[in-house]
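1. whatever this is, show me its structure:
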Amino acid sequence: MNQRYNDLNTYFRSIFGCRVQKITIDAGLTCPNRDGTISTGGCIFCNDRGSGSGASNRGLSLTDQLLQGKNFLLRRYKAKKFIAYFQSFSNTYAPPEILKRLYDEALAVEDIVGLAIGTRPDCVSDPVLDILQAYTSNYLIWIEYGLQSANDKTLKFINRGHNFQRFKEAIEDTSNRGIKICVHVILGLPHESRRDMLHTAHTIANLGVDGIKLHLLYVLKGTPLETYYRHGKYKCLAQQEYVDLVCDFIERIPSDIIIQRLTGDPHRPELVAPQWALKKSDTLAKIRNTLEKRDSWQGCKKRMPKVE
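-> Predicted coordinates for the structure are as follows:
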């Protein structure tokens, strides 16, 4: 078996018939977990960039960010079409009229064929979802909800500011609108066992989402997690440990879910640990090799009734 999981590039090619790349942009928005609405500290793993690689572009217009991104990705990947990825912070957290103006600006750039909107499940409303739904007749629209874990105890510890029920409500509100739903999950959160993480996999498998992004929990400078790490209260996953967990996760989610990411991309100057997180290509190769050694594939253990 050559293709052991449902990857994003294949999905894009099946729709557009060519190479499609996401362009990460920063819309200059914020988050209720930072502006005082819920909290001011943010999640324990998040720094003041909002854990978004697009934050280096803050200050440029969305149009300029997208044009720069297009030029770079055209040279590097020979991509022909692009998705505008609103990544940093919560990109539905503003008045609807402001959000519509931002989304319209992105879609007006030539060769932009869709939007990916990163946000929190407690930052969506019917007026915002109505705006996104209106685009779906002409564009590919994804909304990306940060869940991180299906365990409320974990969500409280990481200062997420919402519980799992709120995530379920956001999924229900977004469904049947033509908007594709992606969920973000972090592996290696403090105090989570393998059983806890696979509970999240089994839970997501039954929610009817369209895509998933898996992330390694790495420690960034200037975060509460760094303090835990420096005081010996948090231990990072080893590379093979993470690889095995990713493969376990893949085996337990439906085969039609698009796996958009299998690990993260830390900024080298900001990374505290683990250093192997910088070896993305090596980690992806180990994931492929482990699936091959197991002779397993996406969804092959979905029907298992218990998490061992």
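
2. can I get stretch 114-124 as CSV, trimmed to CA atoms?
-> These are the backbone C-alpha positions of stretch 114-124, laid out as CSV (Å, rounded to 0.1, in the frame of the first residue of the first chain):
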residue,chain,number,x,y,z
GLY,A,114,-10.2,29.7,-0.9
LEU,A,115,-9.8,30.5,2.7
ALA,A,116,-8.6,28.6,5.8
ILE,A,117,-9.7,30.4,8.9
GLY,A,118,-7.9,29.5,12.2
THR,A,119,-10.0,30.2,15.3
ARG,A,120,-11.3,29.0,18.6
PRO,A,121,-14.6,27.2,19.1
ASP,A,122,-15.8,29.9,21.4
CYS,A,123,-15.2,32.7,18.8
VAL,A,124,-17.8,31.8,16.2
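
3. list the contacts for the residue nearest in space to the middle of the chain?
-> Taking CA atoms, centre = their mean, the centroid of the chain lies closest to residue 184, which sits 4.1 Å from it. Contacts for residue 184 were tallied using CB atoms under 8 Å, 6 or more residues apart in numbering; they are 144, 145, 146, 147, 148, 212, 213, 215. (Each C-beta comes from the backbone N, C-alpha and C, glycine too.)

4. any of the residues you listed buried? List them.
-> 144, 145, 146, 147, 148, 212, 213, 215 (16 or more other CB atoms under 10 Å).

5. name the helices or strands packed onto whichever strand or helix holds the first one?
-> What that stands for is residue 144. Element membership for residue 144 (DSSP states H and E) is strand 140-148. Other elements packing on strand 140-148 under the criterion 3 or more CB pairs under 8 Å, 6 or more residues apart in numbering; DSSP states H and E are strand 112-119, helix 126-135, helix 164-174, strand 180-187, strand 211-216.

6. okay, the residue nearest to residue 94 when sequence neighbours are not counted: pLDDT?
-> The shortest distance from residue 94 to any non-neighbouring residue, by CB to CB, 6 or more residues apart in numbering, is to residue 29 (5.7 Å). In this model, residue 29 is scored at 95, pLDDT.

7. now the one 4 residues further on
-> Note for residue 33: predicted pLDDT of 91.

8. residues in contact with it?
-> The contact partners of residue 33, taken as CB under 8 Å, 6+ apart, are 39, 41, 42, 43, 46, 120, 159, 160, 161.

9. please redo it, this time with the cut-off set to 7 Å
-> By CB atoms under 7 Å, 6 or more residues apart in numbering, the residues touching residue 33 are 39, 42, 43, 161.

10. same deal with residue 135?
-> If you count contacts by CB under 7 Å, 6+ apart, residue 135 has them with 115, 141.

11. separation between it and residue 35?
-> Distance check for residue 135 against residue 35: by CB to CB, to the nearest Å, it reads 27 Å.

12. and residue 69, by the same measure?
-> Taken as CB to CB, the spacing of residue 69 relative to residue 35 amounts to 27 Å.

13. if we can go back for a sec, pull the most distant pair out of the buried ones among the contacts of residue 184.
-> The most widely separated members of the buried ones among the contacts of residue 184, counting by CB to CB, are 145 and 215 (13.4 Å).

14. ok, and the closest non-adjacent residue to residue 143?
-> On the basis of CB to CB, 6+ apart, the spatially nearest residue to residue 143 that is not a chain neighbour turns out to be residue 117, at 4.9 Å.

15. my read: the one you found touches residue 86, true?
-> Yes. Shown here, residue 117 and residue 86 form a contact pair, counting by CB atoms under 7 Å, at 5.1 Å.

16. just to revisit the earlier point, counting neighbours, what do you get for the residue nearest to residue 94?
-> Residue 29 sits with 20 neighbouring residues when counted by other CB atoms under 10 Å.

17. so residue 150 is in contact with residue 203, correct?
-> Yes. Contact criterion CB under 7 Å: residue 150 and residue 203 qualify, at 4.2 Å.

18. name the residue most distant from the centre of this protein?
-> Outermost in the chain, CA atoms, centre = their mean: residue 231 at 28.4 Å.

19. what about that residue, distance to residue 271?
-> Computed as CB to CB, the residue 231 to residue 271 distance reads 18 Å.

20. cool, and residue 289?
-> The span separating residue 289 from residue 271 equals 24 Å under the rule CB to CB.

21. more neighbours: these two, which one.
-> More neighbours sit around residue 271 than around the other of residue 289 and residue 271, counting by other CB under 10 Å; the figures are 15 against 12.

22. one step back: nearest to residue 195, of the helices and strands packed on strand 140-148?
-> That would be strand 180-187 among the helices and strands packed on strand 140-148, by CB to CB, at 12.8 Å.

23. do I have it right that residue 12 meets residue 20?
-> Yes. Residue 12 is within contact range of residue 20, at 3.8 Å (criterion: CB under 7 Å).
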